[in-house]
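J.: Provide a 3D model corresponding to the input given below.
(2 chains)
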Amino acid sequence: MKNKKAVVYVRLKEGVLDPQGLTIHKAILNMGYDMVSSVRSGRFFELEVVSSNGRVESKVEEICSKLLANPVIENFSVEYEE
Amino acid sequence: MKFGVVTFPGSNCDYDAYSAIKLLGEKVEFLWHQSAELNGCEAIVLPGGFSYGDYLRSGAIARFSPIIKSVIRFAENGGLVIGICNGFQVLVESGLLPGALLRNKHLRFSCKFVYLRVEQTVCPFTEGCTRGEILKIPIAHKDGNYYNFQGELDELKKNNQIVFRYCDKNGNITMESNPNGSMDNIAGICNLDGNVVGMMPHPERAVEDILGSRDGIKIFQSVVGHFKKSVELEKA
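T.: Residues are numbered from 1 along each chain as shown, chains lettered A, B, ... in the order given. Reported below is the predicted structural model:
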């Protein structure tokens, strides 16, 4: 049995309006950091995964596409830490 | 006719829906989210509220509850299903309706009366309305901003699946009358067959004069009328 950590990033697809990102961007500009030209918000998750055969990637992908991300509006990417 | 109103942890419009149906004199019972039994109900209401605390995305967790699995099967066999507010969010998350409901464009929770224009009357839930009719019904949501990619939005229009659009009190579709940034002022849509409808406004909160409007009752009357007609047809 081996433990792995799957780090999942969920991002809004390009073109999907992100009012939270826009509002955060406005706040950053109000703070005086005018070198920031855009902000997009997203989410990330850490999944502790126990694998007996090392092949968990496809199952994690399934979890992401069925639950963690809404494929209509979001993309996801996964990174693994041993 | 027998309605089932699903109660999730965090539902808060289930009793409103229940009493709206009672007002019509129809049978209604609550269906618990952990049960997979629809108990012979002939129409299912997914009510408003904050199922599972709106964790992850509104409606995302409810979609995997035992009752929703049964509701999906029921809908795929032509069963009548209406999702109101959070119920609409559950329907898009479960794939029974296309698109997604994003955070309101202005980021605020919006709770007020709006006007809706009935865009089509072929679906069972608007059969008793007239096309172009204006309904005064309240909204109460933070994630009601209907989104879909252009190709699918065109399909919705082509297939006459847009059921309600936000309008002003004269029925004009304007930017000012759009309370949340929804594409094309969309307030409610149906699936291809019309048996599944999702809408952000709350018809169950507009069923008596004391509530400020009774326009919402027409949605429930429509589906009851549709159901009774289809039972008659079967007998004949």
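
J.: who in chain A is up against chain B?
T.: A:16-17, A:19-20, A:23, A:67-68, A:70, A:72-73 (Cβ under 8 Å from any Cβ of the partner chain). The way it works is simple: take the backbone N, C-alpha and C, and place the C-beta from them, glycine included.

J.: Surely B:Pro201 and B:Val114 touch.
T.: Yes. Applying Cβ atoms under 8 Å, one finds B:Pro201 in contact with B:Val114, separated by 6.2 Å.

J.: Between the two, which is the more surrounded one?
T.: It is B:Pro201, of B:Pro201 and B:Val114, that has more neighbours when counted by other Cβ atoms under 10 Å in any protein chain shown, with 31 against 22.

J.: Now do the SS call for that one.
T.: coil (DSSP: H, G, I helix; E, B strand; the rest coil).

J.: ok, now which ones touch the closest residue to it other than its chain neighbours?
T.: Nearest non-adjacent residue to B:Pro201, counting by Cβ to Cβ, 6 or more residues apart in numbering or on different chains: B:Ile137, 4.2 Å away. If you count contacts by Cβ atoms under 8 Å, 6 or more residues apart in numbering or on different chains, B:Ile137 has them with B:113-114, B:116, B:201-203, B:205-206, B:213, B:215-216.

J.: Redo these as JSON lines? Include pLDDT, secondary structure and distance to B:Tyr55.
T.: Output for those, formatted as JSON lines (pLDDT from 0 to 100; DSSP: H, G, I helix; E, B strand; the rest coil; distance: Cβ to Cβ, whole Å):
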{"residue": "B:Phe113", "pLDDT": "98", "secondary structure": "strand", "distance to B:Tyr55": "29"}
{"residue": "B:Val114", "pLDDT": "98", "secondary structure": "strand", "distance to B:Tyr55": "27"}
{"residue": "B:Leu116", "pLDDT": "98", "secondary structure": "strand", "distance to B:Tyr55": "29"}
{"residue": "B:Pro201", "pLDDT": "98", "secondary structure": "coil", "distance to B:Tyr55": "24"}
{"residue": "B:His202", "pLDDT": "98", "secondary structure": "coil", "distance to B:Tyr55": "22"}
{"residue": "B:Pro203", "pLDDT": "98", "secondary structure": "helix", "distance to B:Tyr55": "27"}
{"residue": "B:Arg205", "pLDDT": "97", "secondary structure": "helix", "distance to B:Tyr55": "25"}
{"residue": "B:Ala206", "pLDDT": "97", "secondary structure": "coil", "distance to B:Tyr55": "29"}
{"residue": "B:Ser213", "pLDDT": "97", "secondary structure": "strand", "distance to B:Tyr55": "32"}
{"residue": "B:Asp215", "pLDDT": "98", "secondary structure": "coil", "distance to B:Tyr55": "33"}
{"residue": "B:Gly216", "pLDDT": "98", "secondary structure": "coil", "distance to B:Tyr55": "29"}
